[in-house]
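Student: Pasting the sequence and the predicted coordinates here, then a few questions.
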Amino acid sequence: EAGVVQSPRYKIIEKKQPVAFWCNPISGHNTLYWYRQNLGQGPELLIRYENEEAVDDSQLPKDRFSAERLKGVDSTLKIQPAELGDSAVYLCASSATGTVNTGELFFGEGSRLTVL
Amino acid sequence: EDQVTQSPEALRLQEGESSSLNCSYTVSGLRGLFWYRQDPGKGPEFLFTLYSAGEEKEKERLKATLTKKESFLHITAPKPEDSATYLCAVQASSGYSTLTFGKGTMLLVSP
């Protein structure tokens, strides 16, 4: 069974440039999460989707970050414009509806962003 | 606000030297406490879920336990392949809440 797929794995951009990350969750997983992980820190939730609906985006910096999940499958996270402090690993995770309370999230390998 | 504190930040063990990692938490009603393993350059990988004080879960050389204030991840006779960062997370019982992760403990097991 294929896991959560993310791309690109690495991205280096200059500040003020836009960047986008793509995520394909495990087939059949209705819940999709975007997390940000800074060096030496645990992941922090940016946004959670139930199918195509964003049900928790309270931690998403909406002035520069946006996300979408068309047709309730793939998702894209965009940053425009990027700032130096956005350098981090952006992790996508998915979970099946029946396991949302078991804490069993399946994470992708992440997209490492470096803003110069 | 939910808080998770993990200690130590880093731990170096010799192969076969057993030890424990600590996860202290503050949450307004615990729905679940979760342990994840994260290898360098990879996303976290789910290990265990614990729901109530006194509960224990085991997987190979790992055993997770839970009290009302903290959880321990015991590693028995570790091997070099157990080297990774171990993350603890909690989920509050109020409505649906997100997982709050700690900073992790970086474990290095030397042969």
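Tutor: Done, it's in. All values derive from a computational prediction rather than experimental measurement. Numbering: from 1, shown residues only, chains lettered A, B, ... in the order given.
Student: Can you name the residues bridging to residue 12?
Tutor: Because you didn't say which chain, this covers chain A. Partner residues in beta bridges with A:Ile12, using DSSP bridges, are A:Thr114.
Student: meant chain B, my bad for not saying
Tutor: Beta-bridge partners for B:Arg12, by DSSP bridges, are B:Leu108.
Student: hang on, isn't A:Ser75 packed against A:Tyr90?
Tutor: No - look at A:Ser75 against A:Tyr90 with Cβ atoms under 8 Å: they stay out of range, at 11.2 Å. Backbone N, C-alpha and C define where each C-beta goes, glycine included.
Student: what touches both of the two?
Tutor: Here A:Ser75 and A:Tyr90 share the contacting residues A:Trp34, scored by Cβ atoms under 8 Å, 6 or more residues apart in numbering or on different chains.
Student: Pass me the low-pLDDT residue ranges in chain A, would you?
Tutor: Within chain A, the stretches with pLDDT under 70 are A:1, A:97-102.
Student: who in it is up against chain B?
Tutor: A:4, A:40-45, A:48, A:55-56, A:91, A:93, A:100-110 (Cβ under 8 Å from any Cβ of the partner chain).
Student: run the last query once more with 6 Å
Tutor: When proximity is defined by Cβ under 6 Å from any Cβ of the partner chain, chain A lies next to chain B at A:Gln41, A:Gly42, A:Pro43, A:Leu45, A:Leu91, A:Thr102, A:Gly103, A:Glu104, A:Phe107, A:Gly108, A:Glu109, A:Gly110.
Student: mind listing what the residue most central in space within chain A touches?
Tutor: The C-alpha lying nearest the average C-alpha coordinate of chain A belongs to A:Trp34 (Cα atoms, centre = their mean; 2.7 Å). Applying Cβ atoms under 6 Å, 6 or more residues apart in numbering or on different chains, we find A:Trp34 in contact with A:Leu46, A:Ile47, A:Leu77, A:Cys92.
Student: how many other residues sit next to the residue nearest to B:Glu81 when sequence neighbours are not counted?
Tutor: Nearest non-adjacent residue to B:Glu81, counting by Cβ to Cβ, 6 or more residues apart in numbering or on different chains: B:Val109, 7.9 Å away. The number of residues packed near B:Val109 is 21, by other Cβ atoms under 10 Å in any protein chain shown.
Student: Relative to B:Ile75, how far out is B:Val109?
Tutor: 8 Å (Cβ to Cβ, to the nearest Å).
Student: And A:Gln41, by the same measure?
Tutor: In terms of Cβ to Cβ, A:Gln41 sits 22 Å off from B:Ile75.
Student: neighbour count winner among these two?
Tutor: With neighbours defined as other Cβ under 10 Å, A:Gln41 and B:Ile75 compare such that B:Ile75 has more, 21 against 14.
Student: so what's that one bridging to?
Tutor: Applying DSSP bridges to B:Ile75 gives these bridge partners: B:Ser19, B:Leu62.
Student: Return the residues in contact with B:Glu45.
Tutor: The contact partners of B:Glu45, by Cβ under 6 Å, 6+ apart, come to B:Arg37.
Student: if you set the cut-off to 8 Å instead, what comes out?
Tutor: Contacts of B:Glu45 by Cβ under 8 Å, 6+ apart are A:Phe107, B:Tyr36, B:Arg37, B:Gln38, B:Asp39.
Student: ok, now B:Leu47?
Tutor: Here B:Leu47 is in contact with B:Phe34, B:Trp35, B:Tyr36, B:Arg37, B:Lys59, B:Leu62, B:Ala64, B:Tyr86 (Cβ under 8 Å, 6+ apart).
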